[in-house]
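J.: 3D, please:
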Amino acid sequence: MKEIFHNDWQDLLAPEMDKPYYQELRRLLWEEYQNYPIYPPMEDIFNALQTTSYQDVKVVILGQDPYHGKGQAHGMAFSVQRGVPIPPSLQNIYKELESDLGIPVAHTGYLMSWAQQGVLLLNTTLTVRQGSPTSHKDIGWEIFTDAILSLLNKKDQALVYILWGAHARSKKKLLNNPKHLILEAPHPSPLSAYRGFFGSKPFSKSNEFLEANQLSPIDWAIKE
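T.: Numbering: from 1, shown residues only. Purely as a prediction, here's the structure:
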């Protein structure tokens, strides 16, 4: 199989990518990219996995599908390219970060510095049609990302899952490793953030857990 991830995900996911459903997913995606504006760009689909190796994952932040506006998505959940206006959900994440750890609200929505420290910014669906949220929800991606979550569940090292909203929380059934910590809260969307997302303190709780397990904490300050 062609080298895609350039890290330990390559061998871990190769069996999954040989399965018939994934081959059909690839065929369908090729047609979609030929006929519609699809986000993120094809070369960015696996950015989260390429940036954060399996071995290095300390925290998983689980999203649903990519931003569906032009120029926003680049293969990492909740993150947008430099220079792109910060989406409302991410604005609320930054507000909670400031409340939780006193870190000033960033001027960029580019979360690469988190990913490089071991925060896997994983969407459960990795592509979307422009202007059509969840349009690729049932084409096979969730079988693939469920396999990723199942692999992470096997990690012997302490790991934090941050599950925001009903969709992310529905994946809790895949996560039963007693060495891991699951943090749940409503989605940071303006529609639900005031129902318990604000005040949930996911950033300090993650770092406290990592440090209690002799792992270095995440520097959540966004590198501008």
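J.: now the helices: where do they sit in this structure?
T.: In the chain, helices defined by DSSP state H lie at 9-17, 20-35, 47-51, 88-101, 112-115, 141-153, 165-169, 202-212, listed in chain order.
J.: mind telling me which of those helices the model trusts least?
T.: Ranked by mean pLDDT, these bottom out at helix 165-169, with a mean of 93.
J.: identify each buried residue in it, please.
T.: By neighbour count on 16 or more other C-beta atoms under 10 Å, the buried set for helix 165-169 is Gly165, His167, Ala168, Arg169. (Each C-beta comes from the backbone N, C-alpha and C, glycine too.)
J.: next, count neighbours for the closest residue to Asp65 other than its chain neighbours.
T.: Spatially, and ignoring its direct neighbours in sequence, Asp65 is nearest to Thr125 (3.9 Å; C-beta to C-beta, 6 or more residues apart in numbering). Other residues within reach of Thr125, judged by other C-beta atoms under 10 Å, total 22.
J.: how about Asp114, what does it touch?
T.: Not Asp; residue 114 is Trp. Contacts for Trp114 were tallied using C-beta atoms under 8 Å, 6 or more residues apart in numbering; they are Ile61, Leu121, Ile218, Trp220, Ile222.
J.: list the contacts for the fourth one?
T.: This means Trp220. Leu97, Leu101, Ile103, Trp114, Phe203, Asn207.
J.: now, of those, which are buried?
T.: By 16+ other C-beta under 10 Å, the contacts of Trp220 give Leu97, Trp114, Phe203, Asn207 as buried.
J.: tally of neighbours for Leu181?
T.: A count of nearby residues for Leu181, using other C-beta under 10 Å, gives 20.
J.: how far away is it from His6?
T.: According to C-beta to C-beta, to the nearest Å, Leu181 stands 29 Å off from His6.
J.: what of Ile86?
T.: Counting by C-beta to C-beta - Ile86 and His6 are separated by 29 Å.
J.: neighbours of the residue lying closest to Ser113 once chain neighbours are set aside, how many?
T.: Nearest residue to Ser113 in three dimensions, chain neighbours excluded: Lys223, at 4.0 Å (C-beta to C-beta, 6+ apart). Neighbours of Lys223 under the rule other C-beta under 10 Å: 12.
J.: surely Phe197 meets Ala185?
T.: Yes. The criterion here is C-beta atoms under 8 Å, and Phe197 meets it with Ala185 at 4.9 Å.
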